[in-house]
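Asks: let's see this in three dimensions:
(one chain, ligands or ions: 1)
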Amino acid sequence: MIVVETKRKIMSKIDNEDWLKVDLHIHTLDDPKDVIDYSAHQLLERAKQLGFGVLAITLHDAVFDRTEVFADAAAMGILLIPAAEVRLQGADAILLNVTASEVAGLKNFEDLRQLRGRRGMSIFTIAPHPFYVLGGSIGPRLLEEIDCFDAIELCHFHKGLLNPNRRAAKVAAQFGKPLIATSDAHQLHAFGRHYTSIPRSTALTIENVFAALRQGPLRLTSPPASMVDLASAIYWIFLAHPFKLRRSQHRHRTPSTHSRGSSLESKSQT
Ligand SMILES: [Zn+2]
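Replies: Below you'll find the predicted structure:
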């Protein structure tokens with residue numbers, strides 16, 4: 001188990017029960033681009049069992065805003081942050097505490113820069129899986145757009161030398177940004193093992209969570225992938241998920257697009 005700890009001296013004073021588990025990159029079946037087989041309520045149940053305090057459901061290019069789910073989360077003692085994983089100029093960005101209309105107005109990184117300027121500390125953005133090959137990873141462009149991000153993700157999928165997180169960690173250190181571990185869960189069993197912990201504060205508010213993420217100390221929990229995880233990921237990325245996507249697209253196809261079967265893609269989003 002890899003547990004990365006920051007500001008070790010401060011942390012030694014914090015007991016285990018004083019840490020709050022946070023996962024800020026999760027998908028559910030509400031996702032408009034991915035085919036996911038668990039609901040937000042199933043996620044909440046699992047999060048409650050595993051002792052999570054803060055979650056963000058980050059649908060692709062859509063803000064999760066079902067008010068009944070936010071109310072149920074609050075009743076369970078979980079802070080749910082309105083969020084989205086948007087793709088800007090081919091690169092994904094996790095946006096926390098945003099509205100659907102704010103996201104609808106984003107076309108490029110310059111728009112995101114302006115939104116961040118207007119919102120100040122009340123918005124928090126993360127560069128997800130920046131140096132991974134699959135999906136919409138930002139890659140070296142992260143250096144040019146670094147001012148668009150408050151933090152850099154420690155991606156859940158790594159094993160030994162197969163670890164593009166090392167480059168992400170270097171960039172984070174270079175620019176003084178926190179690294180944040182997330183699950184990027186697309187399957188329910190994948191949620192719960194990869195997360196960030198922040199010191200508990202008296203009031204569980206979005207403002208306090210963002211302040212804790214910015215100031216640290218943070219505790220990152222991100223175990224390396226097992227052989228079963230690797231096999232399961234390969235099965236999911238190359239077989240199960242493309243098949244589900246194709247089936248879903250087939251169901252939603254209109255007769256006019258049916259003839260253009262070759263335009264269908266089984267592109268994996270992350
Ligand atoms: Zn994702």
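Asks: tell me how far stretch 229-237 lies from the chain's centre.
Replies: 19 Å (C-alpha atoms, centre = their mean, to the nearest Å).
Asks: export that stretch to PDB, keeping only CA atoms.
Replies: Extracted in PDB, the C-alpha atoms of stretch 229-237 (Å, rounded to 0.1, in the frame of the first residue of the first chain):
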ATOM      1  CA  ASP A 229      -6.700  -5.100 -11.200                       C
ATOM      2  CA  LEU A 230      -4.600  -5.100 -14.400                       C
ATOM      3  CA  ALA A 231      -6.500  -8.000 -16.000                       C
ATOM      4  CA  SER A 232      -9.800  -6.400 -15.000                       C
ATOM      5  CA  ALA A 233      -8.700  -3.000 -16.400                       C
ATOM      6  CA  ILE A 234      -7.700  -4.600 -19.700                       C
ATOM      7  CA  TYR A 235     -11.000  -6.400 -19.900                       C
ATOM      8  CA  TRP A 236     -12.900  -3.300 -19.000                       C
ATOM      9  CA  ILE A 237     -11.100  -0.900 -21.400                       C
END
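Asks: how about the residues of the stretch 51-200 of the chain near the ion?
Replies: 85, 184 (C-beta under 5 Å from the ion). C-betas here are computed from N, CA, C, even on glycine.
Asks: all helices for the stretch 51-200 of the chain, in order.
Replies: For the stretch 51-200 of the chain, helices defined by DSSP state H, counting those that start in this stretch occupy the ranges 67-75, 100-104, 109-119, 165-175.
Asks: redo the ones you listed as JSON lines? Include mean pLDDT and mean neighbour count.
Replies: Output for the helices of the stretch 51-200 of the chain, formatted as JSON lines (pLDDT from 0 to 100; neighbours: other C-beta atoms under 10 Å):
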{"stretch": "helix 67-75", "mean pLDDT": "97", "mean neighbour count": "14"}
{"stretch": "helix 100-104", "mean pLDDT": "97", "mean neighbour count": "14"}
{"stretch": "helix 109-119", "mean pLDDT": "98", "mean neighbour count": "15"}
{"stretch": "helix 165-175", "mean pLDDT": "94", "mean neighbour count": "16"}
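Asks: Pro223: which of those is closest?
Replies: Between Pro223 and the helices of the stretch 51-200 of the chain, the shortest separation by C-beta to C-beta is 12.6 Å, and it involves helix 165-175.
Asks: tell me what Ala91 is bridged to.
Replies: Counting by DSSP bridges, Ala91 is bridged to Leu88.
Asks: just checking, it touches Pro140?
Replies: No. Checked against C-beta atoms under 8 Å, the pair Ala91 and Pro140 is beyond contact range at 10.8 Å.
Asks: which helix or strand in the chain has the lowest average pLDDT?
Replies: Least confident helix or strand, the chain: helix 255-258 with a mean of 42, by mean pLDDT, DSSP states H and E.
Asks: the helices of the stretch 51-200 of the chain: which one's closest to Ala185?
Replies: helix 67-75 (15.9 Å).
Asks: what packs against that closest one?
Replies: helix 40-49, strand 79-80 (3 or more C-beta pairs under 8 Å, 6 or more residues apart in numbering; DSSP states H and E).
Asks: so which of Ala91 and Pro140 has more stuff around it?
Replies: For the pair Ala91 and Pro140, the greater number of neighbours falls to Ala91 (21 against 10), based on other C-beta atoms under 10 Å.
Asks: how near is that one to the ion?
Replies: Ala91 sits 12 Å away from the ion, going by C-beta to the ion, to the nearest Å.
Asks: return the residues in contact with that residue.
Replies: 136-139, 141, 145 (C-beta atoms under 8 Å, 6 or more residues apart in numbering).
Asks: can you pick the most crowded of these?
Replies: Ile138 (26 neighbours).
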